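with the sequence up front, the predicted model follows.
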Amino acid sequence: METRDLRRALPALRGAHHPGVWPAPPGGQRRARARVRAMGALTVATLSAGEVRAALPDLARLRISVFRAYPYLYAGDADYEQGYLQAYAESAGAVVVVARDGDLIVGAATAAPLEDHAPEFTAALQAEGYRPETIWYCGESVLLPAYRGQGIGHAFFDAREAAGRAQARVWSAFCAVMRPPDHPARPPDYAPLDPFWRRRGYQPLPGVTAAFDWAEVGGDGAAQSHQMQFWIRALT
Ligand SMILES: CC(C)(COP(=O)(O)OP(=O)(O)OC[C@H]1O[C@@H](n2cnc3c(N)ncnc32)[C@H](O)[C@@H]1OP(=O)(O)O)[C@@H](O)C(=O)NCCC(=O)NCCS
C-alpha cells in the first residue's frame, strides 16, 4: 500500500470557505446526552482502510465542524479535507478511530507513524534527539460538543496508544495550537485540555514547536501560520 506524506496532502489552506454544517444528533443535543448516559449508545471502533474511504465525507464534515471553534478557528474546506483524510486510508500504519451514535459518526481520532507526517514535524523532534522511527504521532481528536465529558477522549487515546505499541513505537507525540491567554476569540468558559493531556502522561517539550498553516474563521481566506506545541509521552 502506498504511504503518503500527510503534510503534502495538507497544503496551506486558501480560497473557498465552507461553514462545516453537521447534522444535529437525532432528537437534539440534550436528548443525545441523555441517551448516551441511559443506554450507552456510543460505540468506539477502529476503521479499516475501506471504511475510512467510505466515511471520508462524514469525517471531513466532522473535522470542519469541531475545528471551527476556538482554539483552532479553522475555516476548512470539504474537498481539501477529504484529500487530507484520504492519506490516512493510504498510510499502511495509520489508524482512524471513530465514535458513533447509532450509525452517525460523532467523533474521530487519527494516528500514524511519524514518518508519514510533515517533514517539519519530524525535523522538530529529531532536533531534540528523538529517532523518527520510534515515534507514533497522534494527529487529532474531534468530538461533537454534545458527546463530550463521557470518556470518549480517553477511549481515543487508549485505542491510538495501543496501536502505537502494537507497531513497537516507543513514544507517542502530538502537537496543539498555541494561543495567547488573552486571545480575543477565547470564550470566557474555555477550559484548556492541557490538564487532560498531562493526566494521560504527556508533557510539553519546552521550545519544541512547528508551524502549520490554515485560514481562520472570520479572516480573508488567506492561510496564516500557526505555532504548534509538541507534547510527548513514553509508550513503554
Ligand atoms: C479532545 C476531545 C475529543 C475530548 O473528548 P471528551 O470525550 O470530552 O474527553 P473525555 O470525556 O474522555 O474527558 C477527557 C478529560 O477532559 C476533561 N474535559 C471534559 N470536557 C472538557 C472540556 N469541555 N474542556 C476541558 N476539559 C474537558 C475531563 O475532565 C477529562 O479529564 P479526566 O478524565 O482526566 O479528569 C474533545 O474535547 C474535543 O473534541 N475537543 C475539541 C477538539 C480539540 O481541541 N481536540 C484536541 C486537539 S486535536
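Great, that's in hand.

tell me the pLDDT at Ala9?
Listed pLDDT for Ala9 reads 35.

neighbours around the residue nearest to Leu193 when sequence neighbours are not counted, how many?
Of all residues not flanking Leu193 in the chain, Ala176 sits nearest, at 7.4 Å (CB to CB, 6 or more residues apart in numbering). C-beta coordinates here come from the backbone N, C-alpha and C atoms, glycine included. By other CB atoms under 10 Å, the residues close to Ala176 number 18.

ignoring the adjacent residues along the chain, who's closest to the closest residue to the ligand within the chain?
Residue nearest to the ligand within the chain: Gly153 (2.4 Å; CB to the nearest ligand atom). Nearest residue to Gly153 in three dimensions, chain neighbours excluded: Ser141, at 6.2 Å (CB to CB, 6+ apart).

correct me, but the one you found touches Gly107?
Yes - Ser141 lies in contact with Gly107 (CB atoms under 8 Å); the separation is 7.4 Å.

who touches both of those two?
By the contact definition CB atoms under 8 Å, 6 or more residues apart in numbering, Ser141 and Gly107 are jointly contacted by Phe156.

spatially central residue for the chain, please.
Glu140 (1.3 Å; CA atoms, centre = their mean).

how about Val95, what does it touch?
By CB under 8 Å, 6+ apart, the contact set of Val95 is 46, 110-112, 159-160, 163.

the residue of the chain closest to the ligand touches Phe196, doesn't it?
Yes - contact criterion CB under 8 Å: Gly153 and Phe196 qualify, at 6.6 Å.

more crowded one of the two?
Gly153 (20 against 13).

give me the contact list for the helix or strand containing the more buried one.
Per DSSP states H and E: Gly153 is located in helix 152-166. Here helix 152-166 makes contact (CB under 8 Å, 6+ apart) with 42, 44, 46, 95, 97, 99, 107, 109-111, 136, 138, 141, 143, 172, 196, 200, 235-236.

what do you get for stretch 48-56?
Under CB under 8 Å, 6+ apart, the answer for stretch 48-56 is 1, 47, 59, 82, 85-86, 88-90, 96, 98, 105.

show the buried residues in those residues.
Among these, those classed as buried by neighbour count (16 or more other CB atoms under 10 Å) are 47, 59, 82, 85-86, 88-90, 96, 98, 105.

make a markdown table from those residues and add distance to the ligand to it.
Converted to a markdown table, the buried ones among the contacts of stretch 48-56 look like this (distance: CB to the nearest ligand atom, whole Å):
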| residue | distance to the ligand |
| --- | --- |
| Leu47 | 17 |
| Leu59 | 13 |
| Gln82 | 18 |
| Leu85 | 14 |
| Gln86 | 19 |
| Tyr88 | 14 |
| Ala89 | 19 |
| Glu90 | 21 |
| Val96 | 14 |
| Val98 | 12 |
| Ile105 | 13 |
